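1. Sequence first, predicted coordinates after that:
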Amino acid sequence: MNGSLFYLNLVMNGLVQGLVIGLAALALTLVFAVARFPNAATGDLMTVGAYAGIGVQALNVRSVIVQGAAAILACSVLAIGQYWFVLRYLRGRGLVSLLLASIGLALATRGALSFFVGQDQYLFNTPIMRPYVIAGLRVQVVDLWLAVASLVCVTATFAMLFLTPVGRRMRAIADNAELARASGIRMQRVMIPLWAAVGAICGVAGMILGIKTVVLPEAGWHILLPAFAAMVLGGLGNPIGAVVAGILLGVVQELSTPFVGFTYKIALSFIVLAVILTVRPQGLFGSAEVVR
Amino acid sequence: MSLVINAVSKTFGGSRILHDVSLSVPTGAITGMIGPNGAGKSSLFAVIGGTIEADAGKVEFEGEDMLGRPPQARARLGLVRTFQVPRPFPHLTVRDNLAVAAPGQSGEGIFNALLGGMRVRTQEQKIRERAGELIDFLKLTPVADTPAGQLSGGQRKLLELGRAMMIEPKLVLLDEPFAGVNPVLFGEISDRIRELNQSGIGFFIIEHNIRALARLVDALHVLNHGALLASGTPDEVLSQPAVRDAYMGGGGV
Amino acid sequence: MLSYLIAILIVTGIYALLTQALNFHYGFMGLINFGHVGFFAIGAYTSALLTLSGHSIALGFVAAIVLAALSACPLGLLALRLREDYLAIVTLGFAEIVRVVIVSEDWLTRGTQGLANVPRPFASLGASGQEIAYLGLVVACNVLAAALIARLAYSPFGRLIEAIRDDETAISTLGKYPAGAKLRVFMVGAGIAGLAGALYAHYITYVVPDQFVPLVTFYVWMAMILGGVGSLPGSFIGAAILVALLEGTRFIRDLLPGVMEIQMASVRIFLIGVGLVLFVLLRPQGVMGLRVRT
């Protein structure tokens, strides 16, 4: 009885972890589907979001909503800036150019950030509330709020993708970029909303990450690899798959901790990835598209 | 000795591309296939070449079932295809494009490549000779040492033909050899195909340009909406009303 | 001053070796390897561990090459049948797994503490003689690697791998199997990176996991682009420029009074990031310019 409760609590923790990975994977997947490259700057974008929240907190603003709004704003502005000043010029240059540029953007972001904020860790002062205990299962109130926040974020993203004209254009480009351009879709009218959305998702993910752990200049970078794994598992370009795979990876990571120890958690997502790709080269939710 | 296609069907994304296609292609002759755009010609080639697998039916070459054999295995049996949009290796010279296709090169092994013994060298010399002959035969001499990425459309078609010849094939599948080619070169390409055929190599050609094809082939098949519409000599086939209808609709003449 | 110059040259030589290996992967074969530092780490730790347990340095070097090459085998088997997008991500993850294993298995690697007192060869030659001899060894390894790659590149094997890089579907229809050749290229390049790792371990004389972060992979990519993708002489030029840039950031500190050492690390990362972005933006041919075989 106690044993299964222990694992149930791990699953709860894993779900919250998985939400962060899933959101990061969602941001990666949007970029991958529409702009066709794995965006290595995603993790550091999240870090910026967490620090924006911390900055607002330092001004004695206690409201998490205001802190989150600041994170979303900061990340969106930065993401649009990265697109406008760099990535825009690299369209059609191929995967390697874009990947290298995004690595450069990631390093520049992290370098600039850590120059000003230093290497000290910061914490969000979330009010301590007694957890709900349901049949022995402890559910933190904060976790519930974070789950609601990420659910809102995911819902908003899918609403944008599937209910708005700009979302329809994004999906058209993801389907067939040439055809979409030929049919008169203006790239910039799609790309700016896209990067704004990517920034907003990263802002939320960064806040959740900061609230659940501590805020450090490398915090987001460490989420990038599991998020990459989730994106590939989700079928490379499938947003629903990415979120689901991210949550699954979070749970698997957390459940494995008693067996493999804390340090292997990071590696685990890639071992899961390796095992699954061996069986299903197209990912969990991907359609068959393997090298012929 | 032939390629036998028996009741091949293929469905892709809900639409039927090939429906119960059966025909036989002799390895010594030049066989043609025409059909409007989207009739399923290229898909049939992909099934024969092994890049896609049919849902039903059978492909046999020289009496052997091709089911589950990758393109490599089919090429090694002497069944090789070219592409509608030619795919030369753009960063390799014309000469290297041909040389790389030669089968059974011991220098492709990493240790042989490093040691570079007699066997590798004599083999390489033979390959270069054969490539040189083909370059002359295809009149590609002026561009022999140019990267293939710089060739014209017609030269690319000729290069692909030459590359297929390097593997000493029995039957070559040519996917629209006249498409994207300056019409001045039509006769040139036809002549090369005919000469190669006289040396014993069979051709199965799909083409949009009926006139160029009709003069070249011994037998002609018509594919329409994924199904075989007619077969026979070019004159027989082209006089059939059903073929005329399909073609006037497609506007291919 | 002379010993500083020799030290710089040795570091440059180690980066040049890594750059050659990456060039063999990407410039010649088009393999998008973002896990280079993983092979480097395997080479460094293999040789360090063997020599520390009493084996000869020569054995350490050979084992470093072999183990790094072997580690590329399962990775290659998994990744090479996938789309190229996957390879970048899977190799990046591989390098991180290597680092995590080094951190975690402290019974073997002493975890984050690392391994100290890795022996340096040529101890009998005295301090400066040892440095010069080591530089000689680094140069010899570079020459050997360059000769190996050039020999392979101009053989039928080289012709085959460049054809595979140009068009995998076309080469398949001609009866050639791309997967085997790709795997061999992947392993050879990994072996050379492993050799670079051994050279590094025995020069610095200690290894810790922090030396093997993904940043090293990005440095090597930068060097390759700076020198020109697919160019072997470019590997040396690129490595030299890279080391000059990295060393140059030391002098920036003199220009920025009041900046602390820990902040300098941030400045360096920032500058490298900006540099990478600028190269990709301003030197597209450096990234895209695959070798033309003549």
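-> Done, it's in. Numbering: from 1, shown residues only, chains lettered A, B, ... in the order given.

2. Which parts of the stretch 101-250 of chain C are helices?
-> For the stretch 101-250 of chain C, applying DSSP state H, counting those that start in this stretch gives helices covering C:106-109, C:126-153, C:156-166, C:168-173, C:178-204, C:214-227, C:232-255.

3. what does chain B have sitting close to chain A?
-> When proximity is defined as C-beta under 8 Å from any C-beta of the partner chain, chain B approaches chain A at B:T51. Bear in mind the C-beta positions are built from the backbone N, C-alpha and C, glycine included.

4. For chain B, give me the ranges with low pLDDT.
-> Where chain B drops to pLDDT under 70, the residues are B:1, B:247-253.

5. In contact with the residue lying closest to B:S152 once chain neighbours are set aside, which residues?
-> Spatial nearest neighbour of B:S152, chain neighbours left out: B:N182 (7.4 Å); criterion: C-beta to C-beta, 6 or more residues apart in numbering or on different chains. Contact analysis of B:N182 by C-beta atoms under 8 Å, 6 or more residues apart in numbering or on different chains lists B:152-154.

6. in the chain, which segments are predicted with low confidence?
-> The chain I'm using is chain A. Filtered on pLDDT under 70, chain A yields the residue ranges A:1-2, A:282, A:284-292.

7. You answered for a different chain; I wanted chain C.
-> C:83, C:285-294.

8. Enumerate the residues of it near chain B.
-> So chain C meets chain B at C:148, C:151-152, C:155-160, C:162-163, C:165-167, C:169-177, C:181, C:184, C:188, C:290-294 (C-beta under 8 Å from any C-beta).

9. Could you tell me which of those count as buried?
-> Neighbour counting by 16 or more other C-beta atoms under 10 Å in any protein chain shown classes C:148, C:152, C:155-160, C:162-163, C:165-167, C:170-177, C:181, C:184, C:188, C:290-291, C:293 among those as buried.

10. Run through those and flag the ones next to chain A.
-> Among those, chain A is touched by C:S172 when using C-beta under 8 Å from any C-beta.

11. Quick check on the residue nearest to B:S152: phi, psi?
-> Main-chain torsions, B:N182, degrees, to the nearest 10: phi -60, psi 120.

12. After the one helix or strand A:V34 maps to, which helix or strand is next? Please name it.
-> Assessed by DSSP states H and E, A:V34 sits inside helix A:2-35. Note on helix A:2-35: by DSSP H and E, the next helix or strand toward the C-terminus is helix A:42-58.

13. Check what contacts the next helix or strand after that following helix and list those residues.
-> Downstream of helix A:42-58, the next assigned helix or strand under DSSP H and E is helix A:64-85. Helix A:64-85 is contacted by residues A:41, A:45-46, A:48-50, A:52-57, A:61, A:105, A:109, A:124, A:126, A:145, A:149, A:191-192, A:195-196, A:198-200, A:202-204, A:206-207, A:211 when judged by C-beta under 8 Å, 6+ apart.

14. Which ones, among the residues you listed, also lie beside chain C?
-> Answer for the contacts of helix A:64-85 near chain C (C-beta under 8 Å from any C-beta): A:105, A:109.

15. Mind checking which of the contacts of helix A:64-85 are buried?
-> Buried, going by 16+ other C-beta under 10 Å: A:41, A:45-46, A:48-50, A:52-57, A:105, A:109, A:124, A:149, A:191-192, A:195-196, A:198-200, A:202-204, A:206-207, A:211, out of these.

16. Closest residue of the stretch 1-150 of chain C to chain A?
-> Nearest to chain A, among the residues of the stretch 1-150 of chain C, is C:G93, at 3.7 Å (C-beta to the nearest C-beta).

17. and that residue, what helix or strand is that in?
-> Going by DSSP H and E, C:G93 is part of helix C:84-104.

18. how many other residues sit next to residue 73?
-> Went with chain A since none was named. Other residues lying near A:L73 total 15 when counted by other C-beta atoms under 10 Å in any protein chain shown.

19. The chain in question should be chain C.
-> Residues near C:C73, counting by other C-beta under 10 Å: 14.

20. Quick check: which helices or strands does whichever strand or helix holds it pack against?
-> Element membership for C:C73 (DSSP H and E) is helix C:57-79. Here helix C:57-79 touches helix A:264-279, helix C:36-52, helix C:84-104, helix C:178-204, going by 3 or more C-beta pairs under 8 Å, 6 or more residues apart in numbering or on different chains; DSSP states H and E.

21. Briefly note if the first one comes near chain C.
-> Spelled out, it's helix A:264-279. Yes. Using C-beta under 8 Å from any C-beta, we find that helix A:264-279 touches chain C at A:264, A:266-267, A:269-271, A:273-274, A:277-278.

22. Any chance you could list what contacts that helix?
-> By C-beta under 8 Å, 6+ apart, helix A:264-279 touches A:21, A:222, A:225-226, A:229-230, A:232-233, A:249, A:252-254, A:256-257, A:260, A:283-284, C:78, C:82, C:86, C:90, C:93-94, C:96-97, C:100-101, C:104.

23. Filter these down to the buried ones.
-> Burial by neighbour count, 16+ other C-beta under 10 Å: within those this picks out A:21, A:222, A:225-226, A:229-230, A:232-233, A:249, A:252-254, A:256-257, A:283-284, C:78, C:82, C:86, C:90, C:93-94, C:96-97, C:100-101, C:104.

24. any idea which helix or strand carries residue 235?
-> As the question left the chain open, I've gone with chain A. Using DSSP H and E, no helix or strand contains A:G235.

25. The intended chain is chain B.
-> B:D235 is located in helix B:234-238, with elements delineated by DSSP H and E.

26. packing partners for that helix?
-> helix B:210-214, strand B:219-224.

27. could the ones you listed go into CSV alongside distance to chain C?
-> Output for those, formatted as CSV (distance: least, C-beta to the nearest C-beta, whole Å):
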stretch, distance to chain C
helix B:210-214, 22
strand B:219-224, 21
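
28. ok, and which of those has the densest surroundings?
-> Across the helices and strands packed on helix B:234-238, averaging neighbours per residue (mean count of other C-beta atoms under 10 Å in any protein chain shown) puts strand B:219-224 on top, at a mean of 23.

29. and the residue in the stretch 151-253 of chain B that chain A sits nearest to, how many neighbours does it have?
-> At 16.0 Å from chain A, B:D175 is the closest residue in the stretch 151-253 of chain B, using C-beta to the nearest C-beta. Close neighbours of B:D175, defined as other C-beta under 10 Å, add up to 22.

30. give the contact list for it.
-> By C-beta under 8 Å, 6+ apart, the neighbours of B:D175 are B:41-42, B:45, B:81-84, B:206.

31. who's it bridged to?
-> B:I206 (DSSP bridges).
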